[in-house]
Structures are given as structure tokens and as C-alpha cells.
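Trainee: Everything below, folded, please.
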Amino acid sequence: MLLQNIINLSQNKSLIIFSCGCYGSKSCTLNGTLCNYDQTNDSCLCDCCPPCNTCQQFLEFSCLANRYTKHYSLSNNQSNIILKINTPMKPQYIIDQTNNDIVQYLWDPCLRRALPNGIYLKNDNNGIYKLIGIPREKLEKTSFEILFKGSVNRILLVNFTITII
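Mentor: Below you'll find the model as predicted:
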């Protein structure tokens, strides 16, 4: 299913590129098992190529949830953000917890619930997302979840809470 191409670089190094094409919105089961097109299967709700799934497929059906990469957080491994109303928040970047690097090349964020009034996701031209803004309303501790599509076959999951006092 996953096509692997190896490109030899001029410096005697190899770069492995993983790619896949969109197979269709009902080409796989929720856990990524290929569906037979000749048979009807109620669990065939996903595209076998992770980035070809929609936010609805990810959030409503949990398509390919067994493939979500979960070692990501917001800046400084913050999972509990406490903000003051009408005070600008410090930007919170998506961080890889294994190396503390800012994650690049993300797109199509899927939010499980809408962010609080005045807080939003912003990205630059390199696919770096940050959570920024000025909170405009009080909020008790509330959980949020964002799924991002990343380098071809990767789906990143970021969980955090926000409290606005």
C-alpha cells in the first residue's frame, strides 16, 4: 500500500521518501485493513492513505486512529495552558516531545472542538503552526484535541487544556 522510493543523493547519502495515493473514501476499515471492492462492508469508512481522509473521517469515525503519532505537545511540553482574559498569550508551537523541535510541514488541522473566542491557529509557509491570540472570554478548564496531517503518511495528535481566568 505504501510505496517506498529511494533517491540517491550526490553526497552518497540516501533519502527515503514514502508516498501514497488516494484510494477512495471507503478503501480501508477504521484500522487500515484494505477493503474488497466487490463486497460491501459497513466498516469501510476510511481512505487507506492517511492524508486523503477528511476531518470528518478522522474525528467522527476515528479513521486510522491506530496510526496517530501522539508524542507531540505545545511549546515547552505544555498540556495545561492558563491564560488571562484580554491578555495576549505567548505563541504555543507544535513540539515533537522526542527532540523538543518545532514540527514543520503540517497542514489541514482538524479540531475536535472550536477554540475559545480570540484564540486561533496560525501557520507560516513552512507548515509551522502556532496557537496564538487574545482570549476574549473566561473558560473553565476545557480539553482540546487537534489532528494535523504531516509528511505524507503521518497523522499527528496534540491534546491540551485551556483555562481562561
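Trainee: List the contacts of Ile82.
Mentor: Taking Cβ atoms under 8 Å, 6 or more residues apart in numbering, we find Ile82 in contact with Ile162, Thr163, Ile164, Ile165. In short, each C-beta sits where N, CA and C put it, glycine included.
Trainee: brain fart, Ser75
Mentor: For Ser75, the residues meeting the contact criterion (Cβ under 8 Å, 6+ apart) are Lys90, Pro91, Gln92, Tyr93, Ile95.
Trainee: likewise Ser79?
Mentor: In this structure, Ser79 makes contact with Ser73, Asn159, Phe160, Thr161, judged by Cβ under 8 Å, 6+ apart.
Trainee: and if we set it to 10 Å?
Mentor: Contacts of Ser79 were listed using Cβ atoms under 10 Å, 6 or more residues apart in numbering, and they are Ser73, Ser143, Val158, Asn159, Phe160, Thr161.
Trainee: Repeat that for Asn117.
Mentor: Ile85, Gly133, Ile134, Pro135, Arg136, Glu137, Leu139, Ile164.
Trainee: Can you classify the first one as helix, strand or coil?
Mentor: Just to be clear, that refers to Ile85. coil (DSSP: H, G, I helix; E, B strand; the rest coil).
Trainee: Would you list the buried entries among the contacts of Asn117?
Mentor: Buried members of those, counted by 16 or more other Cβ atoms under 10 Å: Gly133, Pro135, Leu139, Ile164.
Trainee: Of these, which is the nearest to Arg112?
Mentor: Minimum separation from Arg112 among those (Cβ to Cβ) is found for Leu139, which lies at 15.3 Å.
Trainee: picking that back up, please narrow the contacts of Ile82 to those residing in strands.
Mentor: Among the contacts of Ile82, the members falling in strands (DSSP state E) are Ile162, Thr163, Ile164.
Trainee: isn't the second one right up against Met89?
Mentor: No - here Thr163 lies out of contact with Met89, judged by Cβ atoms under 10 Å, at a distance of 11.8 Å.
Trainee: Name the residue in those two with the higher neighbour count.
Mentor: For Thr163 versus Met89, the count of surrounding residues by other Cβ atoms under 10 Å is larger for Met89: 18 against 15.
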